[in-house]
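Chemist: Here is my input; please provide its structure:
(one chain, ligands or ions: 1)
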Amino acid sequence: MKKIEIEELSIGDVISRDIYNDQGSIILPEGTKITSKHIVYLMDKGYKYVYLDEPNHSESYVFELLKNEKTEIINIQYEIILNEYKYIYNQIQSNNCDFDANILTKEMKPLVDSVIENNDILGTFRLVSYEDSYNFTHPLNVSMLGAMIAKWLNLSHEEIQEVALVGLLHDIGKTLVPQDILFKSDPLTDSEFDALKAHAKLGYDVLKTNPTIPKSVLAGVLLHHERCDGNGYPNGLTQSETPLYARIIAVADVFDALTSDKIYRKRVTSFSAFKILREESFSGLDPNITEIFLANLSAYFVNNKVRLSDNRIGEVVYINKFAVNRPLVKIQNEFIDLASDYSLDIIEVF
Ligand SMILES: [Fe+2]
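Modeler: Predicted structure coming up:
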């Protein structure tokens with residue numbers, strides 16, 4: 001046992017004597033494993049030192065603790081913004097758009113910072129165990145994906161925050177679309193589809209009454225369904241006429257929509273989504289942004305386990321940047337290059 005000052009504590013240290021408060025109650029019992037929250041708490045309450053067991057931590061033990069800590073923090077940050085979004089969504093449903101976008105941006109900053117520091121956006125998504133309806137999780141996912149793309153495009157920190165705000169608010173107009181259309185599981189009629197498409201303009205119209213929202217963010221919300229070939233809505237703008245934030249959010253929006261379960265269809269694997277995104281980059285999505293997105297995202301699938309259409313399980317060993325959806329897969333001692341062997345497909349990613 002050794003006496004150690006609070007400032008010297010490390011995450012994962014184990015307390016070997018109970019810690020009491022002024023009233024004589026135990027606040028941290030012997031055997032507690034120290035987390036960053038404990039350190040902040042003890043410093044805050046003016047504790048000077050604690051007694052510890054002699055350290056005996058393996059590297060994997062400390063890594064596991066840090067991972068758990070990160071997971072807990074991301075989930076708290078995610079839940080805060082999810083609840084904030086639901087609040088704004090309900091407010092707008094009652095025609096009240098009276099929130100402060102500057103405060104919202106400050107509240108989003110810890111989550112955005114965690115996402116871009118982690119760099120592995122899909123890994124971050126896996127850490128988030130918070131489940132809710134697609135209607136609420138989709139804007140958060142698009143916000144995080146958008147922030148990640150903005151970082152990969154080397155935008156400034158301020159611009160990354162703005163892109164994240166566009167992502168969070170991009171579909172807010174859906175709150176004003178008839179709910180029976182929004183949640184319809186059968187295919188929409190032409191007039192119903194027109195009503196759904198109105199969400200971009202409806203969102204813009206309600207948000208522009210709020211003076212705290214930057215014009216660049218408003219434009220991103222209005223134009224996130226524009227397509228580079230001029231076949232998008234509401235204005236049929238081309239690539240050069242559509243602002244950058246809207247083009248970023250378009251890519252993030254399509255990817256999250258494809259890889260999420262919807263009322264009317266199941267999600268596709270990330271590799272199938274890569275294929276669809278690449279196809280769409282030849283017409284609708286910004287090709288430069290899509291390429292950067294695919295190159296960065298696909299890199300994280302090296303060493304990932306996948307199931308092929310013949311039911312065998314293998315490991316991704318190499319991803320060709322010209323065929324990101326068809327990597328080289330190793331199964332025991334056999335290498336299968338999906339870029340040249342079209343008899344097989346990836347049907348599951350673990
Ligand atoms: Fe949308």
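
Chemist: and the helix or strand of the chain with the lowest mean pLDDT, what does it pack onto?
Modeler: Ranked by mean pLDDT, DSSP states H and E, the helix or strand of the chain with the weakest confidence is helix 121-127, at a mean of 79. If you count contacts as 3 or more Cβ pairs under 8 Å, 6 or more residues apart in numbering; DSSP states H and E, helix 121-127 packs onto helix 59-93, helix 101-118, helix 134-152. C-beta here means a position set from N, CA and C on the backbone, and glycine is covered the same way.

Chemist: average pLDDT across the top strand by length along the chain?
Modeler: Ranked by residue count and defined by DSSP state E, the top strand of the chain is strand 313-318. Summarised as a single mean, pLDDT over strand 313-318 is 93.

Chemist: roughly how far out does whatever helix or strand comes next after that strand sit from the chain middle?
Modeler: Using DSSP states H and E, the helix or strand that follows strand 313-318 in sequence is strand 328-331. Here strand 328-331 is found 28 Å from its chain centre; the criterion is Cα atoms, centre = their mean, to the nearest Å.

Chemist: Run through this structure and note the low-pLDDT ranges.
Modeler: Applying pLDDT under 70 to the chain picks out residues 54-59, 61-63, 65, 129-130.

Chemist: partner residues bridging V329?
Modeler: Under DSSP bridges, the beta-bridge partners of V329 are V316, I336.

Chemist: From what I see, it and D310 are in contact.
Modeler: No. With contact defined as Cβ atoms under 8 Å, V329 does not count as touching D310 (11.3 Å).

Chemist: okay, the two: which has more neighbours?
Modeler: Between V329 and D310, counted using other Cβ atoms under 10 Å, V329 has the larger neighbour count: 24 against 11.

Chemist: Quick one: the helices in the stretch 151-300 of the chain, in order.
Modeler: 157-169, 179-182, 190-197, 199-207, 215-222, 244-258, 270-281, 287-298 (DSSP state H, counting those that start in this stretch).

Chemist: Just send those helices back as TSV, with mean neighbour count and distance to T137 too.
Modeler: Formatted as TSV, these follow (neighbours: other Cβ atoms under 10 Å; distance: least, Cβ to Cβ, whole Å):
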stretch	mean neighbour count	distance to T137
helix 157-169	24	12
helix 179-182	14	15
helix 190-197	13	19
helix 199-207	21	17
helix 215-222	21	18
helix 244-258	24	9
helix 270-281	19	16
helix 287-298	19	19
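
Chemist: Could you dump those into CSV with distance to D100 added?
Modeler: As requested, those are exported to CSV (distance: least, Cβ to Cβ, whole Å):
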stretch, distance to D100
helix 157-169, 12
helix 179-182, 27
helix 190-197, 29
helix 199-207, 13
helix 215-222, 13
helix 244-258, 20
helix 270-281, 35
helix 287-298, 30
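
Chemist: Which among those is found nearest to S340?
Modeler: Nearest of the helices of the stretch 151-300 of the chain to S340, taken as Cβ to Cβ: helix 270-281 at 15.5 Å.

Chemist: Report the separation between L145 and V163.
Modeler: Shown here: L145 relative to V163, a distance of 10 Å by Cβ to Cβ, to the nearest Å.

Chemist: just to revisit the earlier point, so of the helices and strands packed on helix 121-127, which one's packed in deepest?
Modeler: helix 134-152 (a mean of 24; mean count of other Cβ atoms under 10 Å).

Chemist: Would you mind pulling up the elements that that one packs against?
Modeler: Using 3+ Cβ pairs under 8 Å, 6+ apart: helix 134-152 touches helix 59-93, helix 101-118, helix 121-127, helix 157-169, helix 244-258, helix 287-298.

Chemist: if you set the cut-off to 6 Å instead, what comes out?
Modeler: helix 101-118, helix 157-169, helix 244-258, helix 287-298 (3 or more Cβ pairs under 6 Å, 6 or more residues apart in numbering; DSSP states H and E).

Chemist: what is the orientation angle of it with helix 244-258?
Modeler: Orientation check (axes from the mean of the first three to the mean of the last three Cα atoms, to 10 degrees): helix 134-152 against helix 244-258 gives 130 degrees.
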